[in-house]
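Undergrad: can you look at this prediction? I've put the sequence above it.
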Amino acid sequence: MERRIDLAAMAKLNHDYARSIDEDALEAWPSFFAETCLYRITTADNHARGFEAGLIYADTRAMLEDRVKSLRIANIYERHRYRHILGMPALGEGSGPDIRCETAFVVIRIMRDGVLTVFATGKYLDRVRADSDRLVFAERIVVCDNANIDAMLALPL
């Protein structure tokens, strides 16, 4: 049985996703994805050219879980946090259990000393699926407007 994905449900999925990152609940972040999924961060130019490689690339939830583990215990980076500002999702066409969606975003980076900078702007290009009683991302392509991504891209966007 196909479940219909409505605007309010998609907005809540985006909100909960961003909140898990903004509130440093990164262990919850992979749960927003299907077991087999695609998460990729790229630039608008690379996306327009059809380049598949990404600054961050994962094709399973397990890879996302590994990323969180490495952020917690192995990676060395200056501590910071994000604040996401999200646009209204634009629902697109669906095929089978999935529906396409596009959502604009702005991510503000807050450093330990309190300095704020606009870290990234862009859009999420999603393929969303109803999985049991909730929505999950089958695919989330993060397309950043800026051509040069800060070397400190540690946290997910």
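TA: Ah, there it is.

Undergrad: now whichever strand or helix holds T103: average pLDDT?
TA: Using DSSP states H and E, T103 sits within strand 98-111. Averaged across strand 98-111, the pLDDT comes to 95.

Undergrad: I'd like the next helix or strand past it.
TA: Under the assignment DSSP H and E, the closest C-terminal helix or strand after strand 98-111 is strand 116-131.

Undergrad: buried residues, that following strand. List them.
TA: 119-120, 122-130 (16 or more other Cβ atoms under 10 Å). Quick note: C-beta positions are derived from backbone N, CA and C, even for glycine.

Undergrad: who are the packing partners of it?
TA: helix 7-22, strand 98-111, strand 134-144 (3 or more Cβ pairs under 8 Å, 6 or more residues apart in numbering; DSSP states H and E).

Undergrad: quick one: strands adjacent to that strand?
TA: Strand pairing for strand 116-131, determined by DSSP bridges: strand 98-111 (antiparallel), strand 134-144 (antiparallel).

Undergrad: restrict that strand to CA atoms and write it as PDB.
TA: Extracted C-alpha coordinates of strand 116-131, given in PDB (Å, rounded to 0.1, in the frame of the first residue of the first chain):
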ATOM      1  CA  LEU A 116      28.700  33.400  13.300                       C
ATOM      2  CA  THR A 117      29.100  32.900   9.500                       C
ATOM      3  CA  VAL A 118      26.900  31.800   6.700                       C
ATOM      4  CA  PHE A 119      28.500  28.400   6.000                       C
ATOM      5  CA  ALA A 120      26.400  27.100   3.200                       C
ATOM      6  CA  THR A 121      23.300  27.900   1.100                       C
ATOM      7  CA  GLY A 122      21.700  25.700  -1.400                       C
ATOM      8  CA  LYS A 123      19.000  23.100  -1.900                       C
ATOM      9  CA  TYR A 124      18.200  19.600  -0.800                       C
ATOM     10  CA  LEU A 125      17.200  17.300  -3.700                       C
ATOM     11  CA  ASP A 126      15.400  14.400  -2.100                       C
ATOM     12  CA  ARG A 127      13.700  11.200  -2.900                       C
ATOM     13  CA  VAL A 128      11.500  10.400   0.000                       C
ATOM     14  CA  ARG A 129       9.800   7.100   0.900                       C
ATOM     15  CA  ALA A 130       7.200   6.100   3.400                       C
ATOM     16  CA  ASP A 131       8.800   3.400   5.500                       C
END
